[in-house]
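Student: Below is the sequence, then the predicted model.
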Amino acid sequence: MFASFGSMILASAAIFLSFAYAAAMLAYLLGWRALPEWRLPKHFIPRKRISVIIPCRNEAKHIGACTGSIIDGSYPPDLLEVIVVDDFSEDETVAAAGERVRVLRLDEILPEEARQTANKKQAISTGISQAQGDIIVTTDADCIAPPDWLLTIAARFEKERGVGEADPVSPILLAAPVVFHREHNLLQRFQSLDFLGMMGITGAGIKMGFQRMANGANLAFDKSLFDAVDGYSGNVQFASGDDMFLVQKIARYRPGSIFFLKNRAAAVRTEARPDWRTFWQQRLRWGTKNAALTEWPVRLVLLLVFLFCWSILINGLLAIAGLVAGDIFFLKILALQLAVKAASDYLFLREMCRFFERRDLLRWFAPCFLMHTAYIAVIGLASLFFRRFEWKGRRVQ
(Lines give C-alpha, C1' and ligand atoms only; values in the text may rest on other atoms or scores of the structure.)
Protein backbone atom coordinates (compact mmCIF):
# COMPACT_ATOMS: atom_id res chain seq x y z
CA MET A 1 0.00 0.00 0.00
CA PHE A 2 2.84 2.36 0.91
CA ALA A 3 4.67 1.59 -2.34
CA SER A 4 1.54 2.25 -4.34
CA PHE A 5 0.95 5.55 -2.55
CA GLY A 6 4.57 6.58 -3.09
CA SER A 7 4.31 5.71 -6.78
CA MET A 8 1.21 7.86 -7.15
CA ILE A 9 2.96 10.81 -5.47
CA LEU A 10 5.94 10.53 -7.83
CA ALA A 11 3.66 10.11 -10.83
CA SER A 12 1.55 13.13 -9.86
CA ALA A 13 4.65 15.27 -9.40
CA ALA A 14 6.00 14.12 -12.76
CA ILE A 15 2.75 14.93 -14.55
CA PHE A 16 2.52 18.35 -12.89
CA LEU A 17 6.09 19.22 -13.84
CA SER A 18 5.49 18.04 -17.40
CA PHE A 19 2.51 20.28 -17.99
CA ALA A 20 4.10 23.19 -16.13
CA TYR A 21 7.11 22.89 -18.44
CA ALA A 22 4.88 22.72 -21.52
CA ALA A 23 2.96 25.79 -20.36
CA ALA A 24 6.20 27.72 -19.81
CA MET A 25 7.56 26.82 -23.25
CA LEU A 26 4.25 27.75 -24.88
CA ALA A 27 4.33 31.11 -23.11
CA TYR A 28 7.85 31.73 -24.38
CA LEU A 29 6.85 30.77 -27.91
CA LEU A 30 3.89 33.14 -27.90
CA GLY A 31 5.97 35.87 -26.27
CA TRP A 32 8.65 35.56 -28.95
CA ARG A 33 6.08 35.73 -31.72
CA ALA A 34 4.51 38.80 -30.11
CA LEU A 35 7.87 40.55 -29.99
CA PRO A 36 8.09 42.76 -33.10
CA GLU A 37 11.16 42.42 -35.28
CA TRP A 38 13.15 45.63 -35.33
CA ARG A 39 14.38 46.71 -38.74
CA LEU A 40 17.06 49.27 -39.47
CA PRO A 41 15.36 52.34 -41.01
CA LYS A 42 16.50 53.26 -44.49
CA HIS A 43 18.92 56.19 -44.68
CA PHE A 44 19.36 56.19 -40.91
CA ILE A 45 22.00 58.67 -39.78
CA PRO A 46 23.30 58.04 -36.24
CA ARG A 47 23.89 60.88 -33.85
CA LYS A 48 25.08 59.25 -30.64
CA ARG A 49 28.65 58.36 -29.76
CA ILE A 50 29.10 54.69 -28.89
CA SER A 51 31.81 53.20 -26.71
CA VAL A 52 32.32 49.45 -27.18
CA ILE A 53 33.85 47.82 -24.11
CA ILE A 54 35.67 44.50 -24.66
CA PRO A 55 36.95 42.87 -21.45
CA CYS A 56 39.48 40.18 -22.26
CA ARG A 57 41.97 37.81 -20.72
CA ASN A 58 44.29 35.56 -22.73
CA GLU A 59 42.44 36.21 -25.99
CA ALA A 60 45.35 36.79 -28.38
CA LYS A 61 43.84 34.33 -30.86
CA HIS A 62 40.51 36.16 -31.08
CA ILE A 63 40.80 39.83 -30.12
CA GLY A 64 42.12 41.05 -33.49
CA ALA A 65 39.21 39.55 -35.42
CA CYS A 66 36.77 40.96 -32.89
CA THR A 67 38.04 44.54 -32.96
CA GLY A 68 38.48 44.40 -36.73
CA SER A 69 34.87 43.38 -37.28
CA ILE A 70 33.69 46.31 -35.17
CA ILE A 71 35.94 48.99 -36.65
CA ASP A 72 35.32 47.82 -40.22
CA GLY A 73 31.56 47.93 -39.66
CA SER A 74 29.19 50.59 -40.96
CA TYR A 75 29.17 52.82 -37.87
CA PRO A 76 30.79 56.24 -38.44
CA PRO A 77 34.36 56.23 -37.08
CA ASP A 78 33.97 59.71 -35.58
CA LEU A 79 31.14 58.39 -33.37
CA LEU A 80 32.88 55.16 -32.38
CA GLU A 81 35.24 54.35 -29.55
CA VAL A 82 36.52 50.79 -29.02
CA ILE A 83 38.06 50.09 -25.61
CA VAL A 84 39.84 46.80 -24.94
CA VAL A 85 40.32 46.17 -21.22
CA ASP A 86 43.07 43.63 -20.63
CA ASP A 87 42.50 41.58 -17.48
CA PHE A 88 46.07 40.55 -16.54
CA SER A 89 46.55 38.51 -19.73
CA GLU A 90 49.46 36.10 -19.83
CA ASP A 91 49.70 35.99 -23.62
CA GLU A 92 50.00 38.58 -26.42
CA THR A 93 46.43 39.89 -26.13
CA VAL A 94 47.49 43.53 -25.85
CA ALA A 95 49.69 43.39 -28.95
CA ALA A 96 47.01 41.55 -30.92
CA ALA A 97 44.27 44.06 -30.08
CA GLY A 98 45.33 46.32 -32.94
CA GLU A 99 46.36 49.95 -33.30
CA ARG A 100 42.91 51.33 -33.97
CA VAL A 101 41.58 50.66 -30.48
CA ARG A 102 42.22 52.05 -27.04
CA VAL A 103 43.75 49.50 -24.66
CA LEU A 104 43.42 49.71 -20.88
CA ARG A 105 45.58 47.33 -18.86
CA LEU A 106 44.36 46.36 -15.43
CA ASP A 107 47.92 45.52 -14.39
CA GLU A 108 48.66 49.24 -14.76
CA ILE A 109 45.45 50.38 -13.06
CA LEU A 110 44.79 47.87 -10.27
CA PRO A 111 47.29 46.84 -7.59
CA GLU A 112 49.29 43.63 -8.07
CA GLU A 113 47.33 41.81 -5.36
CA ALA A 114 44.21 42.15 -7.52
CA ARG A 115 45.65 39.81 -10.14
CA GLN A 116 43.85 36.75 -8.75
CA THR A 117 40.69 38.50 -7.60
CA ALA A 118 39.98 40.67 -10.64
CA ASN A 119 37.07 39.60 -12.80
CA LYS A 120 35.02 40.60 -15.81
CA LYS A 121 32.90 43.09 -13.86
CA GLN A 122 35.98 45.03 -12.78
CA ALA A 123 37.26 45.09 -16.34
CA ILE A 124 33.96 46.40 -17.70
CA SER A 125 33.63 48.97 -14.92
CA THR A 126 37.13 50.23 -15.65
CA GLY A 127 36.32 50.60 -19.32
CA ILE A 128 33.05 52.40 -18.67
CA SER A 129 34.69 54.81 -16.24
CA GLN A 130 36.94 56.06 -19.05
CA ALA A 131 34.47 55.78 -21.92
CA GLN A 132 33.40 58.93 -23.74
CA GLY A 133 30.34 57.52 -25.48
CA ASP A 134 26.71 58.19 -24.61
CA ILE A 135 25.87 54.54 -25.28
CA ILE A 136 27.92 51.71 -23.80
CA VAL A 137 28.01 48.45 -25.75
CA THR A 138 29.69 45.38 -24.26
CA THR A 139 30.85 42.31 -26.13
CA ASP A 140 33.36 39.51 -25.67
CA ALA A 141 36.78 39.19 -27.25
CA ASP A 142 35.87 35.97 -29.07
CA CYS A 143 32.84 37.51 -30.81
CA ILE A 144 32.50 38.64 -34.42
CA ALA A 145 30.17 41.60 -35.04
CA PRO A 146 28.10 41.89 -38.25
CA PRO A 147 28.58 45.06 -40.35
CA ASP A 148 25.40 46.89 -39.26
CA TRP A 149 25.58 45.77 -35.62
CA LEU A 150 26.16 49.17 -34.02
CA LEU A 151 24.04 50.99 -36.59
CA THR A 152 21.07 48.79 -35.70
CA ILE A 153 21.64 49.32 -31.98
CA ALA A 154 21.92 53.10 -32.39
CA ALA A 155 18.73 53.21 -34.47
CA ARG A 156 16.84 51.36 -31.75
CA PHE A 157 18.08 53.84 -29.18
CA GLU A 158 17.12 56.85 -31.29
CA LYS A 159 13.74 55.63 -32.50
CA GLU A 160 10.73 57.90 -32.13
CA ARG A 161 8.40 57.18 -29.29
CA GLY A 162 5.30 55.13 -30.12
CA VAL A 163 2.50 53.66 -28.05
CA GLY A 164 3.99 51.52 -25.33
CA GLU A 165 7.53 52.21 -26.48
CA ALA A 166 10.49 53.84 -24.79
CA ASP A 167 11.05 57.58 -24.78
CA PRO A 168 14.27 58.13 -26.75
CA VAL A 169 15.37 60.81 -24.29
CA SER A 170 14.99 58.38 -21.38
CA PRO A 171 17.89 56.00 -20.75
CA ILE A 172 17.27 52.37 -21.72
CA LEU A 173 19.05 49.03 -21.75
CA LEU A 174 18.99 46.90 -24.86
CA ALA A 175 19.61 43.15 -24.80
CA ALA A 176 20.62 41.78 -28.21
CA PRO A 177 21.18 38.27 -29.59
CA VAL A 178 24.30 36.13 -29.39
CA VAL A 179 24.56 33.01 -31.55
CA PHE A 180 27.16 30.32 -32.14
CA HIS A 181 28.68 29.42 -35.48
CA ARG A 182 31.41 27.22 -37.00
CA GLU A 183 30.33 24.07 -35.18
CA HIS A 184 32.53 21.01 -35.68
CA ASN A 185 31.08 18.36 -33.37
CA LEU A 186 27.90 17.29 -31.60
CA LEU A 187 28.76 19.16 -28.41
CA GLN A 188 29.07 22.45 -30.27
CA ARG A 189 25.83 21.85 -32.16
CA PHE A 190 24.12 21.15 -28.85
CA GLN A 191 25.39 24.46 -27.50
CA SER A 192 24.16 26.26 -30.63
CA LEU A 193 20.64 24.89 -30.21
CA ASP A 194 20.70 25.59 -26.49
CA PHE A 195 21.80 29.18 -27.08
CA LEU A 196 19.15 29.81 -29.71
CA GLY A 197 16.62 28.68 -27.15
CA MET A 198 18.11 31.06 -24.58
CA MET A 199 17.83 33.97 -27.01
CA GLY A 200 14.15 33.18 -27.53
CA ILE A 201 13.53 32.92 -23.79
CA THR A 202 15.38 36.20 -23.23
CA GLY A 203 13.36 38.10 -25.84
CA ALA A 204 10.04 36.56 -24.81
CA GLY A 205 10.64 37.15 -21.09
CA ILE A 206 11.43 40.82 -21.68
CA LYS A 207 8.45 41.22 -23.98
CA MET A 208 6.07 39.66 -21.47
CA GLY A 209 7.59 41.71 -18.67
CA PHE A 210 7.99 38.97 -16.11
CA GLN A 211 11.69 38.22 -16.40
CA ARG A 212 14.69 40.19 -17.55
CA MET A 213 17.77 38.39 -18.83
CA ALA A 214 20.59 39.29 -21.20
CA ASN A 215 23.97 38.22 -22.48
CA GLY A 216 26.96 40.47 -21.84
CA ALA A 217 28.42 39.59 -25.25
CA ASN A 218 25.76 41.82 -26.82
CA LEU A 219 24.43 44.37 -24.37
CA ALA A 220 23.86 48.11 -24.85
CA PHE A 221 22.83 50.74 -22.32
CA ASP A 222 23.04 54.43 -21.59
CA LYS A 223 26.10 55.23 -19.55
CA SER A 224 23.93 57.33 -17.26
CA LEU A 225 21.94 54.22 -16.29
CA PHE A 226 25.08 52.34 -15.29
CA ASP A 227 26.18 55.25 -13.13
CA ALA A 228 22.71 55.70 -11.62
CA VAL A 229 22.57 52.12 -10.30
CA ASP A 230 26.22 52.21 -9.18
CA GLY A 231 27.27 49.61 -11.71
CA TYR A 232 27.99 46.16 -10.32
CA SER A 233 28.11 47.11 -6.66
CA GLY A 234 26.51 44.43 -4.54
CA ASN A 235 27.50 41.51 -6.79
CA VAL A 236 31.16 42.06 -7.65
CA GLN A 237 31.98 38.89 -5.71
CA PHE A 238 30.43 36.72 -8.42
CA ALA A 239 32.75 35.84 -11.31
CA SER A 240 29.75 35.54 -13.61
CA GLY A 241 26.52 37.50 -14.01
CA ASP A 242 27.76 40.89 -15.19
CA ASP A 243 24.83 40.88 -17.60
CA MET A 244 22.02 39.36 -15.51
CA PHE A 245 22.70 41.32 -12.33
CA LEU A 246 22.94 44.61 -14.20
CA VAL A 247 19.76 44.05 -16.20
CA GLN A 248 17.70 43.16 -13.15
CA LYS A 249 19.21 46.01 -11.17
CA ILE A 250 18.28 48.53 -13.86
CA ALA A 251 14.80 47.00 -14.18
CA ARG A 252 14.19 47.70 -10.49
CA TYR A 253 15.58 51.22 -10.76
CA ARG A 254 13.69 52.17 -13.91
CA PRO A 255 10.82 49.80 -14.76
CA GLY A 256 10.03 49.64 -18.45
CA SER A 257 13.55 50.54 -19.56
CA ILE A 258 14.60 47.03 -20.70
CA PHE A 259 14.14 45.97 -24.34
CA PHE A 260 15.23 43.13 -26.59
CA LEU A 261 16.58 43.80 -30.07
CA LYS A 262 14.93 41.18 -32.27
CA ASN A 263 17.05 41.45 -35.38
CA ARG A 264 19.34 38.93 -37.11
CA ALA A 265 21.67 41.70 -38.27
CA ALA A 266 22.30 42.64 -34.65
CA ALA A 267 23.41 39.16 -33.56
CA VAL A 268 27.08 38.77 -32.71
CA ARG A 269 28.63 35.38 -33.40
CA THR A 270 31.01 33.34 -31.35
CA GLU A 271 32.23 29.76 -31.19
CA ALA A 272 30.92 27.19 -28.73
CA ARG A 273 33.20 25.39 -26.28
CA PRO A 274 35.11 22.73 -28.24
CA ASP A 275 35.34 20.03 -25.55
CA TRP A 276 33.59 18.77 -22.46
CA ARG A 277 36.14 20.14 -20.00
CA THR A 278 35.86 23.77 -21.10
CA PHE A 279 32.11 23.40 -21.52
CA TRP A 280 31.80 22.11 -17.95
CA GLN A 281 33.88 24.97 -16.54
CA GLN A 282 31.92 27.59 -18.48
CA ARG A 283 28.48 26.32 -17.49
CA LEU A 284 29.54 25.75 -13.88
CA ARG A 285 30.67 29.38 -13.76
CA TRP A 286 27.32 30.51 -15.16
CA GLY A 287 25.34 28.31 -12.80
CA THR A 288 26.96 29.52 -9.58
CA LYS A 289 25.20 32.90 -9.80
CA ASN A 290 21.65 31.62 -10.34
CA ALA A 291 20.65 31.42 -6.69
CA ALA A 292 21.66 35.06 -6.20
CA LEU A 293 19.52 36.46 -9.03
CA THR A 294 17.02 38.99 -7.73
CA GLU A 295 14.01 38.30 -9.97
CA TRP A 296 12.00 35.42 -8.56
CA PRO A 297 10.35 34.51 -11.92
CA VAL A 298 13.80 33.75 -13.34
CA ARG A 299 14.69 31.59 -10.36
CA LEU A 300 11.28 29.90 -10.49
CA VAL A 301 11.67 28.92 -14.15
CA LEU A 302 15.22 27.69 -13.54
CA LEU A 303 13.92 25.59 -10.64
CA LEU A 304 11.05 24.21 -12.76
CA VAL A 305 13.36 23.10 -15.56
CA PHE A 306 15.85 21.65 -13.07
CA LEU A 307 13.19 19.61 -11.24
CA PHE A 308 11.57 18.48 -14.48
CA CYS A 309 14.84 17.15 -15.88
CA TRP A 310 15.65 15.38 -12.64
CA SER A 311 12.16 13.90 -12.62
CA ILE A 312 12.81 12.45 -16.08
CA LEU A 313 16.09 10.89 -14.95
CA ILE A 314 14.53 9.45 -11.78
CA ASN A 315 11.56 8.03 -13.66
CA GLY A 316 13.97 6.56 -16.19
CA LEU A 317 15.65 4.58 -13.42
CA LEU A 318 12.28 3.57 -11.97
CA ALA A 319 11.10 2.51 -15.42
CA ILE A 320 14.12 0.22 -15.81
CA ALA A 321 13.53 -1.25 -12.37
CA GLY A 322 9.86 -1.69 -13.18
CA LEU A 323 10.60 -3.52 -16.42
CA VAL A 324 12.79 -5.97 -14.54
CA ALA A 325 9.86 -6.61 -12.19
CA GLY A 326 7.36 -6.76 -15.04
CA ASP A 327 5.73 -3.40 -14.23
CA ILE A 328 5.40 -0.71 -16.92
CA PHE A 329 3.79 2.00 -14.76
CA PHE A 330 6.83 4.28 -14.65
CA LEU A 331 7.63 3.50 -18.28
CA LYS A 332 4.32 5.13 -19.19
CA ILE A 333 5.11 8.16 -17.02
CA LEU A 334 8.56 8.43 -18.59
CA ALA A 335 7.10 8.22 -22.10
CA LEU A 336 4.67 11.04 -21.27
CA GLN A 337 7.46 13.25 -19.91
CA LEU A 338 9.74 12.65 -22.87
CA ALA A 339 6.93 13.31 -25.32
CA VAL A 340 5.95 16.58 -23.61
CA LYS A 341 9.52 17.83 -23.41
CA ALA A 342 10.42 16.78 -26.95
CA ALA A 343 7.33 18.41 -28.46
CA SER A 344 7.74 21.61 -26.42
CA ASP A 345 11.44 21.93 -27.16
CA TYR A 346 11.10 21.14 -30.85
CA LEU A 347 8.32 23.65 -31.51
CA PHE A 348 10.24 26.39 -29.73
CA LEU A 349 13.63 25.61 -31.25
CA ARG A 350 12.13 25.29 -34.72
CA GLU A 351 10.86 28.86 -34.35
CA MET A 352 14.30 30.07 -33.28
CA CYS A 353 16.14 28.15 -36.01
CA ARG A 354 13.86 29.66 -38.63
CA PHE A 355 14.36 33.19 -37.38
CA PHE A 356 18.14 32.96 -37.14
CA GLU A 357 18.34 30.92 -40.36
CA ARG A 358 19.88 27.85 -38.71
CA ARG A 359 17.45 25.13 -39.79
CA ASP A 360 20.45 22.83 -40.28
CA LEU A 361 20.70 22.45 -36.51
CA LEU A 362 17.30 20.75 -36.30
CA ARG A 363 18.86 17.62 -37.82
CA TRP A 364 20.68 17.23 -34.52
CA PHE A 365 17.63 17.74 -32.33
CA ALA A 366 17.22 14.13 -31.10
CA PRO A 367 20.69 13.68 -29.54
CA CYS A 368 20.75 17.28 -28.35
CA PHE A 369 17.37 16.80 -26.68
CA LEU A 370 18.74 13.91 -24.62
CA MET A 371 21.92 15.84 -23.85
CA HIS A 372 19.92 18.84 -22.67
CA THR A 373 17.90 16.76 -20.21
CA ALA A 374 21.04 15.32 -18.60
CA TYR A 375 22.96 18.60 -18.81
CA ILE A 376 20.34 20.63 -16.93
CA ALA A 377 20.11 18.07 -14.16
CA VAL A 378 23.84 17.53 -13.69
CA ILE A 379 25.07 21.12 -14.10
CA GLY A 380 22.22 22.46 -11.98
CA LEU A 381 23.12 20.11 -9.14
CA ALA A 382 26.86 20.66 -9.52
CA SER A 383 26.51 24.45 -9.34
CA LEU A 384 24.94 24.08 -5.90
CA PHE A 385 27.89 22.17 -4.45
CA PHE A 386 30.97 22.91 -6.56
CA ARG A 387 31.95 26.48 -5.79
CA ARG A 388 35.38 26.33 -7.41
CA PHE A 389 36.03 26.38 -11.13
CA GLU A 390 38.65 27.44 -13.63
CA TRP A 391 38.18 30.51 -15.81
CA LYS A 392 40.80 31.86 -18.22
CA GLY A 393 43.63 30.22 -16.28
CA ARG A 394 42.31 31.35 -12.88
CA ARG A 395 41.00 29.20 -10.08
CA VAL A 396 37.85 30.99 -8.95
CA GLN A 397 35.72 30.44 -5.86
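Tutor: Arrived safely, thanks for sending. Residues are numbered from 1 along each chain as shown.
Student: what number of residues lie near Lys262?
Tutor: Neighbour count of Lys262, defined by other C-beta atoms under 10 Å: 23. All C-beta spots, glycine's among them, are computed from the backbone N, C-alpha and C.
Student: what does Met25 give?
Tutor: 24.
Student: What separation is there between it and Ala321?
Tutor: 29 Å (C-beta to C-beta, to the nearest Å).
Student: So the closest residue to Met213 other than its chain neighbours, which state does it fall into?
Tutor: What sits nearest to Met213 in space, not counting adjacent residues and going by C-beta to C-beta, 6 or more residues apart in numbering, is Thr202, at 4.7 Å. Using DSSP: H, G, I helix; E, B strand; the rest coil, the structure places Thr202 in helix.
Student: ok now do Thr202, which residues does it touch?
Tutor: Contacts for Thr202 (C-beta atoms under 8 Å, 6 or more residues apart in numbering) come out as 175, 213-215, 260.
Student: Can I get these in a markdown table including neighbour count, distance to Arg49 and secondary structure?
Tutor: Shown next, in a markdown table, are the contacts of Thr202 (neighbours: other C-beta atoms under 10 Å; distance: C-beta to C-beta, whole Å; DSSP: H, G, I helix; E, B strand; the rest coil):
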| residue | neighbour count | distance to Arg49 | secondary structure |
| --- | --- | --- | --- |
| Ala175 | 25 | 21 | strand |
| Met213 | 22 | 27 | coil |
| Ala214 | 26 | 22 | coil |
| Asn215 | 22 | 23 | coil |
| Phe260 | 24 | 23 | strand |
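Student: Need the max-distance pair from these.
Tutor: Asn215 and Phe260 (10.7 Å; C-beta to C-beta).
Student: overlap in contacts of the two?
Tutor: Joint contacts of Asn215 and Phe260 (C-beta under 8 Å, 6+ apart) are 175, 202.
Student: what about Leu187, distance to Leu349?
Tutor: Taken as C-beta to C-beta, the span from Leu187 to Leu349 is 17 Å.
Student: Looking at those two, which one has more neighbours?
Tutor: Just comparing Leu187 and Leu349: by other C-beta under 10 Å the higher neighbour count belongs to Leu349, 24 against 18.
Student: so the more buried one touches Ser192, yeah?
Tutor: No - Leu349 lies out of contact with Ser192 (C-beta atoms under 8 Å); the separation is 10.2 Å.
Student: Give the residues shared as contacts by these two.
Tutor: Taking C-beta under 8 Å, 6+ apart as the contact definition, Leu349 and Ser192 share the neighbouring residues Leu361.
Student: going on from the strand or helix carrying Ala22, what's the next piece of helix or strand?
Tutor: Using DSSP states H and E, Ala22 maps to helix 2-34. Reading on from helix 2-34 to the C-terminus, the next helix or strand found by DSSP H and E is strand 50-56.
Student: contacting residues around that next one?
Tutor: Outside of strand 50-56, the residues within contact range by C-beta under 8 Å, 6+ apart are 63, 66-67, 70, 75, 79-87, 89, 93, 97, 120, 123-124, 127-128, 131-141, 150, 153-154, 223.
Student: Looking at the residues you listed, which are in strands?
Tutor: Using DSSP state E, the subset of the contacts of strand 50-56 located in strands is 80-86, 135-138.
Student: Show me where the stretch 151-300 of the chain has its strands.
Tutor: Taking DSSP state E, counting those that start in this stretch as the test, the strands found in the stretch 151-300 of the chain are 173-175, 178-180, 219-222, 258-260, 268-270.
Student: Please name the nearest non-neighbouring residue to Lys249.
Tutor: In space, and not counting its chain neighbours, Lys249 is closest to Val229: 4.9 Å by C-beta to C-beta, 6+ apart.
Student: What separation do you get for the one you found and Ala251?
Tutor: Note on Val229: its distance to Ala251, by C-beta to C-beta, is 10 Å.
Student: my read: Ile206 touches Ser257, true?
Tutor: No - using C-beta under 8 Å, Ile206 is not in contact with Ser257; the gap is 10.8 Å.
Student: Mind pulling up the pLDDT for the residue nearest the centre of the chain?
Tutor: In the chain, the residue lying closest to the centroid (C-alpha atoms, centre = their mean) is Asn215, at 3.9 Å. On pLDDT, Asn215 comes in at 94.
Student: show me the contacts for it.
Tutor: Contacts of Asn215 (C-beta under 8 Å, 6+ apart): 175, 177-178, 198-199, 202, 243.
Student: Look up phi and psi at it.
Tutor: In terms of degrees, to the nearest 10, the main-chain angles of Asn215 are phi -120, psi 130.
Student: residues in contact with the closest residue to Gly287 other than its chain neighbours?
Tutor: In space, Gly287 comes closest to Ser383 once its chain neighbours are excluded; the distance is 3.0 Å by C-beta to C-beta, 6+ apart. Under the criterion of C-beta under 8 Å, 6+ apart, the neighbours of Ser383 are 284, 286-288, 290.
Student: and Ile206 and Ser257? which has more neighbours close in?
Tutor: Legend: neighbour count by other C-beta under 10 Å for Ile206 and Ser257, higher for Ile206 (25 against 20).
Student: could you measure that one against Ala214, distance?
Tutor: Counting by C-beta to C-beta, the gap from Ile206 to Ala214 is 8 Å.
Student: what sits in contact with each of the two?
Tutor: Ala175.
Student: Assign the nearest residue to Phe365 once chain neighbours are set aside to helix, strand or coil.
Tutor: Spatial nearest neighbour of Phe365, excluding adjacent residues (C-beta to C-beta, 6+ apart): Tyr346 at 6.1 Å. Put simply, Tyr346 is helix when judged by three-state DSSP.
Student: Give me the contacts around stretch 269-282.
Tutor: With C-beta under 8 Å, 6+ apart as the test, stretch 269-282 has contacts from 140, 142-144, 146, 178-185, 187-188, 191-192, 195, 217, 379, 389-391.
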